[in-house]
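# Got a predicted structure plus its sequence, pasted below:
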Amino acid sequence: MFKKMLGAFGVGAPSVDTVLSNPNTRPGLLLGGQVNLTGGSHDVEIDHITVGLVTRVEVDGAEEGYDAIVEFHRVQVAGGLHLREGQQLALPFQVPVPWETPVTDLYGQHLHGMTMGLRTEVAIRGAVDKGDLDPVFVHPLPVQERVLDAFGRLGFQFKGADLERGHVSGVHQMLPFYQEIEYYAAPQYAHGINEVELTFVANEHGMDIVLEFDKRGGLFTGGHDSLGRYHAAHADADGVDWAAQVDTWVRQALDQYQNLHVGHGQPAYGAPAGYSPPPPPGYGHAAYGHDGHYKEEHHHERHGPGMGAVAAGVVGGAALGFAGGMVADELFDSSDEDEEGDEE
């Protein structure tokens, strides 16, 4: 393994090499490994060593959007160490992977647009060096996997995935961003919608599933967005016909939209624009909003210059609607630029 010299501390500095036990993980699991330190040409006092999960997030700026590298969870590995000249230390760690951590890989394929890594930070006498960056591959929870599989089986075609800075209204969300997995509409729904954006917000009990529909405009009506919010428990992964359930959700959204917009794009009588009934629990029910009411973007100024083994699965990317849409990204081409210091 390549050992990165801690360049911030000059010639003869220590080197660091972080090794993950398994870079494949899932939300809610522990990501384990060890930080290997090798002393340089002189003794040093190490204030702390931390590891943090980092990813690339799209941020809306005042004039135009930009990408920022965001650290969203960190764990201290060690502190107050005296590292002697040439000394070798192996420091084990375990990082709890937050439940809301976005999915980066599915059935052995990488979701185009997603990047995730574990970065090691070493502080010596108040100076900090971000000494090592290792790729992390986050696989879906069982419910997420079943829903994604259902979209593919229904004929939706994967368009891309990204992380948006902000929060989904009406959902208890811990991280400062949410993931959008985008699909082109399947043929049987193409008369009413153009695209669907899928968002998961998970916790230890289950997850909220948010669908944003880009509506197709008619002769006298413009296109509109609407949202459906649903909930699923982790225990329900194998107890639901997910293809049928997703079909129900999409058709509910189409019916709701048609009921609220009649005539020349006007809401139905008694239903004000932006109508949003409270979300009843259970499958097949949702809270609806229109024109993006459920997703609130947070605008920020730019800062600075810038499970054990996971099986590949038996269903190929083509069956999931990912054919031709999933390619490996280079991980953080400029990981030291456009960085925001957000933590969980």
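Sure, I can see it. Numbers count the residues shown, from 1 in each chain.
# Check which residues of the host helix or strand of Gln94 are buried.
Element membership for Gln94, per DSSP states H and E: strand 88-96. Residues of strand 88-96 classed as buried by neighbour count (16 or more other CB atoms under 10 Å): 89, 91, 93, 95. Yep, even glycine has a C-beta here, placed from its N, CA and C like the rest.
# One more: stretch 122-137?
122-124, 129-137.
# how long is it end to end?
With CA to CA, to the nearest Å as the measure, the first residue of stretch 122-137 is 23 Å from its last.
# For the longest helix seen in the chain, what does the pLDDT average out to?
Scanning the chain for the longest helix, with DSSP state H as the assignment, gives helix 242-260. Helix 242-260 shows a mean pLDDT of 84 in the predicted model.
# Let's see it as PDB, backbone CA atoms only.
C-alpha atoms of helix 242-260 as PDB (Å, rounded to 0.1, in the frame of the first residue of the first chain):
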ATOM      1  CA  TRP A 242     -42.300  -3.900  -4.600                       C
ATOM      2  CA  ALA A 243     -42.900  -3.700  -8.300                       C
ATOM      3  CA  ALA A 244     -46.700  -3.500  -7.700                       C
ATOM      4  CA  GLN A 245     -46.100  -1.100  -4.800                       C
ATOM      5  CA  VAL A 246     -44.000   1.300  -6.900                       C
ATOM      6  CA  ASP A 247     -46.600   1.100  -9.700                       C
ATOM      7  CA  THR A 248     -49.300   2.100  -7.200                       C
ATOM      8  CA  TRP A 249     -47.200   5.000  -6.000                       C
ATOM      9  CA  VAL A 250     -46.700   6.400  -9.500                       C
ATOM     10  CA  ARG A 251     -50.300   5.900 -10.500                       C
ATOM     11  CA  GLN A 252     -51.400   7.600  -7.300                       C
ATOM     12  CA  ALA A 253     -49.200  10.600  -8.100                       C
ATOM     13  CA  LEU A 254     -50.700  10.800 -11.600                       C
ATOM     14  CA  ASP A 255     -54.300  10.500 -10.300                       C
ATOM     15  CA  GLN A 256     -53.600  13.100  -7.600                       C
ATOM     16  CA  TYR A 257     -52.200  15.500 -10.100                       C
ATOM     17  CA  GLN A 258     -55.200  15.000 -12.400                       C
ATOM     18  CA  ASN A 259     -57.600  15.600  -9.600                       C
ATOM     19  CA  LEU A 260     -55.900  18.800  -8.500                       C
END
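# Show me what the strand holding Gln94 pairs with in its sheet, parallel or antiparallel.
strand 30-38 (antiparallel) (DSSP bridges).
# got the angle for whichever helix or strand comes after the partner strand vs strand 88-96?
Sequence order places strand 44-59 as the next helix or strand after strand 30-38, per DSSP H and E. With axes from the mean of the first three to the mean of the last three CA atoms, to 10 degrees applied, the angle from strand 44-59 to strand 88-96 works out at 30 degrees.
# Give me the helices and strands touching strand 44-59, please.
Here strand 44-59 touches strand 30-38, strand 66-83, strand 88-96, strand 116-124, strand 157-168, going by 3 or more CB pairs under 8 Å, 6 or more residues apart in numbering; DSSP states H and E.
# Buried residues of the longest helix of the chain, list them for me.
242-243, 245-250, 252-254, 256-257, 260.
# Sketch out the helices for the stretch 101-250 of the chain, chain order is fine.
Counting by DSSP state H, counting those that start in this stretch, the stretch 101-250 of the chain has helices at residues 142-153, 242-260.
# Mind putting those into a markdown table with distance to Leu30?
As requested, these are exported to a markdown table (distance: least, CB to CB, whole Å):
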| stretch | distance to Leu30 |
| --- | --- |
| helix 142-153 | 18 |
| helix 242-260 | 28 |
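# Wait, Val136 touches Met116, no?
Yes - between Val136 and Met116 there is a contact under CB atoms under 8 Å: 4.6 Å.
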